[in-house]
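Asker: Fold the following and give me the result.
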Amino acid sequence: TVDVEIKGVTIKSGKAQAGNLDGDGGGLYNTNGRVTLNLVRVYTNTAFSRGGGIYNAGELTVTNNSLIEANAAETAGGGGIFNLNGRVRVLGSSLTGNHADDHNNGQGGGLGSTGDVSNVVTIQSSLINGNSAGYGGGGMWSWGGVVTVTSVQISDNQGGDYGGGLYATFGARLSMNSTS
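Answerer: Predicted coordinates:
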């Protein structure tokens with residue numbers, strides 16, 4: 001496992017195309033690493049498949065007013081962040097204006113997460129705003145795993161068929177506290 005902290009930069013206009021790591025992770029691709037984004041802007045990145053801004057299959061912490069903004073997943077989920085059996089913590093940061101476009105597979109405009117009990121998402125003192133998903137979970141979508149949302153504003157998100165703000169399914173254990 002590698003520990004990486006990225007601080008005070010913008011990750012902008014990356015593109016993960018089909019056939020390149022399955023088209024995942026337009027701005028950042030993390031597998032088995034421990035990555036911390038501290039005061040980072042992940043902006044206008046695109047993935048053919050999952051994780052327009054960030055693809056995570058390790059440990060990811062987004063903190064200190066970081067902004068995951070205007071990223072897109074074209075054919076699958078996680079416009080801003082896609083998490084596969086990893087751990088994601090969003091602390092005092094924003095997921096805004098991201099989108100997962102596909103009507104059949106576009107899940108989790110802001111954040112899409114899937115997996116078993118090792119799949120853990122914690123969002124605290126943050127904003128999930130103005131995201132959209134063609135299928136469901138405009139703000140956030142979770143298929144299984146454990147999701148804890150505390151002191152988060154979830155607003156103005158759109159889900160095509162299910163869950164404009166948040167969509168939890170297939171055994172996802174969801175806990176929400178002081179969230180609007």
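
Asker: so what's F170 up against?
Answerer: Contacts for F170 were tallied using C-beta atoms under 8 Å, 6 or more residues apart in numbering; they are W143, G144. Just so you know, the C-beta spots here come from the backbone N, C-alpha and C atoms, and that holds for glycine as well.

Asker: Which residues are in contact with the nearest residue to Q17 once chain neighbours are set aside?
Answerer: Distances taken as C-beta to C-beta, 6 or more residues apart in numbering put F48 closest to Q17, at 5.4 Å, once the chain neighbours are dropped. Neighbour list for F48: A16, Q17, A18, G23, D24, E74, T75 [criterion: C-beta under 8 Å, 6+ apart].

Asker: Can you report how many residues lie near the closest residue to L127 other than its chain neighbours?
Answerer: Among residues not flanking L127 along the chain, S94 sits closest, at 4.3 Å (C-beta to C-beta, 6+ apart). Using other C-beta atoms under 10 Å, S94 is surrounded by 21 other residues.

Asker: Name whatever forms a beta bridge with the closest residue to N129 other than its chain neighbours.
Answerer: Sequence neighbours aside, T96 is the residue nearest to N129 in space, at 4.8 Å (criterion: C-beta to C-beta, 6+ apart). Counting by DSSP bridges, T96 forms beta bridges with E69, N129.

Asker: Find me the pLDDT at the closest residue in space to G80 that isn't next to it in sequence, would you?
Answerer: Counting by C-beta to C-beta, 6+ apart, N98 is the residue found nearest to G80 once chain neighbours are left out, at 3.6 Å. Per-residue pLDDT puts N98 at 98.

Asker: can you pull the contacts of N98?
Answerer: N98 makes contacts with 52-53, 68-72, 79-80, 109-110, 131-132, as judged by C-beta under 8 Å, 6+ apart.
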